[in-house]
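>>> With the input below, show me the fold.
(chains A, B, C and D)
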Protein chains: 2
Amino acid sequence: MSEDASDTTEGRLLQAAVGLFASQGFAATRVRQVCDQAEANVAAVNYHFRSKRGLYDAAIDHARAASVERSPWVALDANRNFWAHDEPEVRLHRFVSMMLDHALDEHGRPSELARILIHEMLDPTEAFERQVDVSIRRVFEALADICRQVRKAAAGRAPRSAAERQAIDAVVFLIGGQCMYPALVAGLPDPLYPGVSFDADGRVALADRITASALAQLQAVDAAPQTKRKTKPNT
Amino acid sequence: MSEDASDTTEGRLLQAAVGLFASQGFAATRVRQVCDQAEANVAAVNYHFRSKRGLYDAAIDHARAASVERSPWVALDANRNFWAHDEPEVRLHRFVSMMLDHALDEHGRPSELARILIHEMLDPTEAFERQVDVSIRRVFEALADICRQVRKAAAGRAPRSAAERQAIDAVVFLIGGQCMYPALVAGLPDPLYPGVSFDADGRVALADRITASALAQLQAVDAAPQTKRKTKPNT
DNA sequence: TTGACTTTAAAACGATCGTATGAAATGATT
DNA sequence: AATCATTTCATACGATCGTTTTAAAGTCAA
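Reported below is the predicted structural model:
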C-alpha cells in the first residue's frame, strides 16, 4: 500500500514512529504505542534501532528523506546553479513553493517532518543540534541568498549596509512564517481559514501571494527608507 | 519577585506548571517535575487541583489571564466600538500589535500561552475544544472583521462575492502567520533572523511591516483580479 | 489551651515506562 | 536433514508514572 518497505517490521516501525513523533513529540510518545501501531513486538524497537532515541533519529532521517524525495531541494549548496538561468523572481517563487511542499504533505495536511521540527523548536532534544538546526539554517541561508539576488537585480549594486541586511532578514522572516504557518493550522479539525486551501491548487495561489508580498517588501526597501515610523519617537 | 501569589504553594505550582506545560506539553510534563520546581510536595498537585489535568486547565486559565492583563483584547465583542473613532487602518495596526503582544512575552521570547496553544494544535487534548479553540476563533473573527472594514472603507461598497471572502481569509492568514511565527522562532537558542528583533522596539517595526503587507494585499484585491496565475493552466 | 479546619509531608499504591533476556520461529546455506 | 545467523516472541526487570493514604504541622477563633 505504501512506498516504503512497509512489509518489513523495521519499515512499519519507522512509519508508525514518524507519525506518532510528529503529533506527540519524543517524550510523550510511548514505545509500546509505536509497536502496537506497527503490529510489532515491544522488543522490536530495541532490536532494530538500539533504543527509543535511536528510533527517533531514524524517524527524523526517514521523514526528511521522504520529504526530499517528494520535493528535492534543488537550490542548496552544490547545485546552486541548477536554475541560474532563471531570473531571481522566478527562483524565489520556486523556492517558496518548495518550502510549502516541505511544510505540507500531498494531502494538504501538515507534513510529519515539519511537525517534528516544531516540537523540537518548542522543546529541543539532543536531535535538535545534530539533525534539525543545521538543516533549517541551510534552507534559510539559501532563501536569504535568493532574496539578496533579487535585491541586487532590482537595485543597481549589491548593498552591504546594516539596514539592508535587516531588510533581507525581514523578508526571509516573512516568507518563513508564511511557509511554516500552514504546518500548524492545516491540521486543525475544522479549518481556521475556509478561504485558504492547502491542496495542490491552493498551494500555488499561496505561493503567488507570498512571493508577491516578499517582492513588494524587497522593492520598498530603497523606495521608502522609513515607511511610517522607523523606531520609537522618544526614549 | 513575581506578580502572582507566588508565596503560596498553589501560586508556585501554577507558575511552574505554566512554564513546563508550555515547553513540553501536557503529556510529557511530569507532576513531580512541577512540584520540584515549585518546591512543593508531590501530593500538593492533587490537593490543590484535583489532578494533573486540573492543574493543566488552571495553568491555561492562568496563562491567558496573565496575557490579557499585559495586553487586553479591547477589540473583542462587546466593546467593539472602543476605538470606533479611528480609521480602519489604524485599528488593524493596533490589532496586529496586540496579537504580537500575546505571542511574545515582555522579554521578546515566546509567550507561554502561545506555546501551550501550539502544543494543542499539534496534538489536541481535551482542553482544546473547551479552552483553546474558541478563544483562537474569536480573535481571528475580530481580525477578519477589521479587514472587512478596511475593505469597505477602501472600496465603495461592502462586497459579498466568494472571491472577496477568500481574499479576506488570505489576509487574515497572512497576519496570523506573521504574528504566530515569532512564538516559534523567538525561542531558538541562537536567532534565526539576526535582523529581526522581538523586543518592544522590534515589535513595533514588525507590526508596521505586517500591517503594510496586509493593507497592500487588501488593496490589490480589486486592483488586479488575478495577479499572475489564478489557478493551474491545464488539467 | 482547646478544638476544628486547612495545608503540608512521607510513604506507598497499582499501572506503565524503556529496556533486557532467553527461547521459539524463520530462512538461507550446506 | 542439519547447521547457523537473523528475526520475532513472551516475559520480566527496575524505574518512574499519576494518584492515594495517613499522619503531622500549621492556622485561627473561642
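>>> what pLDDT, on average, does the longest helix along chain A get?
Longest helix of chain A, by residue count under DSSP state H: helix A:200-223. Across helix A:200-223, the average pLDDT comes to 91.
>>> And that helix, what does it pack against?
Here helix A:200-223 touches helix A:88-103, helix A:133-154, helix A:162-180, helix B:162-180, helix B:200-223, going by 3 or more CB pairs under 8 Å, 6 or more residues apart in numbering or on different chains; DSSP states H and E. (Each C-beta comes from the backbone N, C-alpha and C, glycine too.)
>>> what about stretch A:30-41 and DNA strand C, touching?
Yes: judged by CB under 7 Å from any atom of the strand, stretch A:30-41 and DNA strand C are in contact via A:30, A:31, A:32, A:33.
>>> Skip the chain neighbours and tell me the closest residue to the third one.
The shortest distance from residue A:32 to any residue other than its chain neighbours is 5.7 Å, reached at residue A:42 (CB to CB, 6 or more residues apart in numbering or on different chains).
>>> part of a helix, is the one you found?
No: under DSSP: H, G, I helix; E, B strand; the rest coil, residue A:42 sits outside any helix and is assigned coil.
>>> For residue B:141, find the nearest of the helices and strands packed on helix A:200-223.
Residue B:141 lies closest, by CB to CB, to one member of the helices and strands packed on helix A:200-223: helix B:162-180, at 9.1 Å.
>>> next one: phi and psi at the residue nearest to residue A:32?
phi -60, psi -30 (degrees, to the nearest 10).
>>> What helix or strand is residue A:23 located in?
In the assignment (DSSP states H and E), residue A:23 maps to helix A:9-28.
>>> So that helix, near DNA strand C or not?
No: Helix A:9-28 is not in contact with DNA strand C by CB under 7 Å from any atom of the strand; minimum separation 8.0 Å.
>>> quick check: angle from that helix to helix B:9-28?
170 degrees (axes from the mean of the first three to the mean of the last three CA atoms, to 10 degrees).
>>> Summarise which helices and strands helix A:9-28 is packed against.
helix A:31-37, helix A:44-49, helix A:52-70, helix A:112-122, helix B:9-28, helix B:112-122.
>>> Go again with 10 Å.
Counting contacts by 3 or more CB pairs under 10 Å, 6 or more residues apart in numbering or on different chains; DSSP states H and E, helix A:9-28 packs against helix A:31-37, helix A:44-49, helix A:52-70, helix A:112-122, helix A:126-127, helix B:9-28, helix B:112-122.
>>> got the angle for it vs helix B:112-122?
160 degrees.
>>> so how far is helix A:9-28 off the chain centroid?
In terms of CA atoms, centre = their mean, to the nearest Å, the centre of helix A:9-28 is found 19 Å from the chain centre.
>>> Repeat that for stretch A:186-201.
17 Å.
>>> Same check on stretch A:19-39?
With CA atoms, centre = their mean, you get 22 Å for stretch A:19-39.
>>> now do stretch A:164-184
On CA atoms, centre = their mean, the centre of stretch A:164-184 falls 11 Å from the chain's centre.
>>> Buried ones in it, by neighbour count?
A:164, A:166-184 (16 or more other CB atoms under 10 Å in any protein chain shown).
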